[in-house]
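[1] Predicted model and sequence below, questions to follow.
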Amino acid sequence: MRKSHEMWASMPVLMEAIAASLETNQPLNDYTPAVDEEQRLYWDFMPLRSDRTLHRS
């Protein structure tokens, strides 16, 4: 997904945000770092609770 965001303003800012997310295991824009069975890093999408909307039928 490519859209304008303050985090993507510069490569150093982006790399710092990624490093902080990896070190703290905290989400980075609703993506949480995770490791699969083969020890590969991937980013698991998990919308923040406040961003979720309930749809009732």
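    Structure's in. What do you need? The model shown is predicted, which means the values in this text are computed figures rather than measured ones. Residues are numbered from 1 along each chain as shown.
[2] what's whatever helix or strand residue 14 lives in in contact with?
    Assessed by DSSP states H and E, residue 14 sits inside helix 11-24. Helix 11-24 is contacted from outside by 6-8, 26-28, 31-33, using C-beta atoms under 8 Å, 6 or more residues apart in numbering. (Glycine included, C-beta is placed from N, CA and C.)
[3] Please apply the same query to stretch 32-39.
    21-22, 25-26, 41-44, 46.
[4] any idea how far the residue nearest the centre of the chain lies from residue 22?
    Ranked by distance to the mean C-alpha position of the chain (C-alpha atoms, centre = their mean), the top residue is residue 31 at 2.4 Å. Distance from residue 31 to residue 22, counting by C-beta to C-beta, to the nearest Å: 11 Å.
[5] Then residue 37?
    On the measure of C-beta to C-beta, residue 37 and residue 22 end up 19 Å apart.
[6] Which residue of the two possesses the greater neighbour count?
    Using other C-beta atoms under 10 Å as the criterion, residue 37 and residue 22 rank with residue 22 on top: 12 against 5.
[7] about what we covered before: pLDDT check: weakest of the contacts of helix 11-24?
    Lowest pLDDT of the contacts of helix 11-24: residue 7, 68.
[8] re earlier: just the buried ones out of the contacts of helix 11-24, please.
    In those, burial by neighbour count holds for 27-28, 33, counting by 16 or more other C-beta atoms under 10 Å.
[9] Out of these, name the ones that lie in strands.
    Those of the buried ones among the contacts of helix 11-24 mapping onto strands are residue 33, per DSSP state E.
[10] Just send the buried ones among the contacts of helix 11-24 back as TSV, with distance to residue 13 too.
    As requested, those are exported to TSV (distance: C-beta to C-beta, whole Å):
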residue	distance to residue 13
27	17
28	12
33	18
